[in-house]
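Participant: Predicted model and sequence follow; I will ask about them next.
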Amino acid sequence: MGTVEYIQHHLQNNAVCSADNINPATGLCEGFWTFHMDTILISIALGALIILVAARLGKRLEAGAPSGFQNAVEGVLDFVGQQVRDTFPGKNPLIAPLALTIFVWVWLMNFMDLIPVDLLPLLAQMVTGDPHFHLKVVPTTDLNTTMAMALSVFALIIFYNIKVKGLWGFTKMFLFHPFGKFFIPFNIVMTLIEEVSKPLSLGLRLFGNMFAGELVFLLIAWAFGVAVPLAHLPVALLAMVCGAVMLASVGLVLSVYVQQLENFAGTMNFVIFPMFFISPALYPLWKLEESGAWWLLKLAQANPFTHAVEAIRFAMYGQFNGTAWAVVLGCTVVFFAAALWGYDPQRGSISKKPGG
């Protein structure tokens with residue numbers, strides 16, 4: 001099995017579907033009514049493990065001389081409880097247990113990634129007698145898992161917002177935030193985008209893990225001789241730092257002009273995520289031009305993050321892209337200047353003229 005086939009085999013879920021949803025060209029299940037049985041069964045098994053361990057620990061609690069495991073569990077409980085108290089001012093018997101369950105469940109799912117990648121699939125192939133048996137052992141590498149959790153939590157957020165604030169209080173959040181009563185149409189659009197971006201950002205955070213995985217693959221490739229020349233690394237690292245400073249300046253501008261703290265994260269997602277996805281971080285610009293996606297190409301070319309990526313890419317090849325560096329440094333100066341112009345140290349936010 002070649003490298004490509006090996007990776008594809010490990011990225012393929014064990015899917016079950018009806019005959020109508022099988023792609024005749026590939027023989028794989030496709031469509032909405034496709035069930036990833038490995039994701040479902042491993043998630044259920046990990047959930048059952050949580051229940052079993054919690055029940056066993058509950059019967060052996062010691063107040064005077066707790067065991068090391070009990071101390072560890074109490075530490076996790078204190079951590080989750082503090083997070084809930086910091087973010088949820090009200091009192092509800094469901095929030096803390098739900099947060100603890102999600103925290104431990106997701107941690108166990110991610111922990112499955114530490115098991116040798118071929119161990120469980122080989123055992124499954126030996127048990128089934130099928131050398132092509134697919135088994136994807138990390139449930140959080142399945143976008144269905146992360147999006148299902150994100151949407152479930154999002155639904156609970158809406159429910160408890162209405163329950164705590166009332167229907168009118170929840171509606172006022174759309175009408176008067178983040179820019180006050182004179183910008184109601186714009187507030188509605190911005191708040192809708194913010195609310196929709198919450199489950200998307202939670203579910204799609206898997207892409208951040210994939211990006212970290214790509215860095216690991218780069219290190220492995222480096223170990224096998226596919227390396228960026230050492231002479232090019234200083235300029236490449238400088239380009240990375242400049243790109244990071246530019247994004248930090250974007251966040252600084254948003255923190256100055258978005259007055260409500262709860263709206264800041266949604267606004268950041270509304271800005272940063274499009275900047276990332278409409279950039280050559282995921283696909284080269286020439287591919288957009290070749291495919292005829294002219295409108296997307298123009299958006300990418302107008303995107304400051306595109307030029308940050310291009311500056312890094314050219315630096316790794318030992319080349320200098322003057323346009324990319326000029327855009328990155330220019331945008332950094334402009335964003336910082338806008339933040340300084342709008343910041344009022346007396347208020348900690350946008351300055352206002354007397355009587356305004």
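Facilitator: Arrived safely.
Participant: In contact with L247: list those residues for me.
Facilitator: I272, M275, F305, A308 (C-beta atoms under 8 Å, 6 or more residues apart in numbering). To be clear about C-beta, it is placed using only N, CA and C from the backbone, and glycine gets the same treatment.
Participant: does the second one really touch F305, like I thought?
Facilitator: Yes: M275 sits in contact with F305 when judged by C-beta atoms under 8 Å, with a separation of 4.2 Å.
Participant: Show me which of those two is the more surrounded one.
Facilitator: F305 (24 against 17; other C-beta atoms under 10 Å).
Participant: Okay, and the more buried one sits in which element?
Facilitator: helix 304-316 (DSSP states H and E).
Participant: helices and strands around that helix, which ones?
Facilitator: The elements that helix 304-316 packs onto, with contact taken as 3 or more C-beta pairs under 8 Å, 6 or more residues apart in numbering; DSSP states H and E, are helix 233-257, helix 261-277, helix 322-342.
Participant: Rebuild the ones you listed as TSV, extending it with mean pLDDT and distance to F88.
Facilitator: Shown next, in TSV, are the helices and strands packed on helix 304-316 (pLDDT from 0 to 100; distance: least, C-beta to C-beta, whole Å):
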stretch	mean pLDDT	distance to F88
helix 233-257	82	23
helix 261-277	69	12
helix 322-342	89	31
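Participant: Please name whichever of those helices is nearest to N23.
Facilitator: The closest of the helices and strands packed on helix 304-316 to N23 is helix 261-277. By C-beta to C-beta, the value is 26.7 Å.
Participant: Quick one: distance of the helix or strand following the closest one to the chain centre.
Facilitator: Downstream of helix 261-277, the first helix or strand assigned by DSSP H and E is helix 285-291. Taking the mean of its C-alpha atoms, helix 285-291 sits 26 Å from the chain's own mean (C-alpha atoms, centre = their mean, to the nearest Å).
Participant: same question, stretch 185-195
Facilitator: 21 Å.
Participant: about what we covered before: quick one: mean pLDDT over the helix holding F305.
Facilitator: Per-residue pLDDT over helix 304-316 has a mean of 88.
Participant: where's it relative to the chain centroid, distance-wise?
Facilitator: The chain centre lies 22 Å from the centre of helix 304-316; the measure is C-alpha atoms, centre = their mean.
Participant: Helix 233-257 and that one, what's the angle between them?
Facilitator: Here helix 304-316 runs at an angle of 170 degrees relative to helix 233-257 (axes from the mean of the first three to the mean of the last three C-alpha atoms, to 10 degrees).
Participant: Only C-alpha atoms, please: export helix 304-316 in PDB.
Facilitator: As requested, the backbone C-alpha atoms of helix 304-316 are provided in PDB (Å, rounded to 0.1, in the frame of the first residue of the first chain):
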ATOM      1  CA  PRO A 304      -4.500  41.200   3.700                       C
ATOM      2  CA  PHE A 305      -4.000  37.700   5.100                       C
ATOM      3  CA  THR A 306      -3.400  36.500   1.500                       C
ATOM      4  CA  HIS A 307      -0.300  38.700   1.400                       C
ATOM      5  CA  ALA A 308       0.900  37.500   4.700                       C
ATOM      6  CA  VAL A 309       0.700  33.900   3.400                       C
ATOM      7  CA  GLU A 310       2.500  34.900   0.200                       C
ATOM      8  CA  ALA A 311       5.300  36.700   2.100                       C
ATOM      9  CA  ILE A 312       5.900  33.500   4.100                       C
ATOM     10  CA  ARG A 313       5.700  31.300   1.000                       C
ATOM     11  CA  PHE A 314       8.100  33.400  -1.000                       C
ATOM     12  CA  ALA A 315      10.500  33.600   2.000                       C
ATOM     13  CA  MET A 316      10.700  29.800   2.300                       C
END
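Participant: Now that helix: buried residues?
Facilitator: Neighbour-count burial for helix 304-316, with 16 or more other C-beta atoms under 10 Å as criterion, is recorded at P304, F305, T306, H307, A308, V309, E310, A311, I312, R313, F314, A315.
Participant: would you list those in CSV and tack on distance to N187?
Facilitator: Below are the buried residues of helix 304-316 laid out as CSV (distance: C-beta to C-beta, whole Å):
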residue, distance to N187
P304, 26
F305, 27
T306, 30
H307, 32
A308, 31
V309, 33
E310, 36
A311, 36
I312, 37
R313, 39
F314, 41
A315, 42
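Participant: And the lowest mean pLDDT element among the helices and strands of this protein?
Facilitator: strand 349-350 (a mean of 44; mean pLDDT, DSSP states H and E).
Participant: Pull the contacting residues for M246.
Facilitator: So M246 contacts P304, F305, A308, V328, C331, T332, F335 (C-beta under 8 Å, 6+ apart).
Participant: Surely the second one and L282 touch.
Facilitator: What it means is F305. No: when contacts are counted by C-beta under 8 Å, F305 is not listed as touching L282 (11.2 Å).
Participant: okay, the contacts of L247 in CSV with distance to A55 next?
Facilitator: Shown next, in CSV, are the contacts of L247 (distance: C-beta to C-beta, whole Å):
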residue, distance to A55
I272, 42
M275, 47
F305, 49
A308, 51
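Participant: returning to that earlier point: joint contacts of F305 and L282?
Facilitator: F276.
Participant: Now for the nearest residue to L192 once chain neighbours are set aside, how many residues are close by?
Facilitator: Distance criterion C-beta to C-beta, 6 or more residues apart in numbering; nearest residue to L192, sequence neighbours excluded, is F174 at 7.2 Å. F174 sits with 16 neighbouring residues when counted by other C-beta under 10 Å.
Participant: Okay then, goodbye and thanks.
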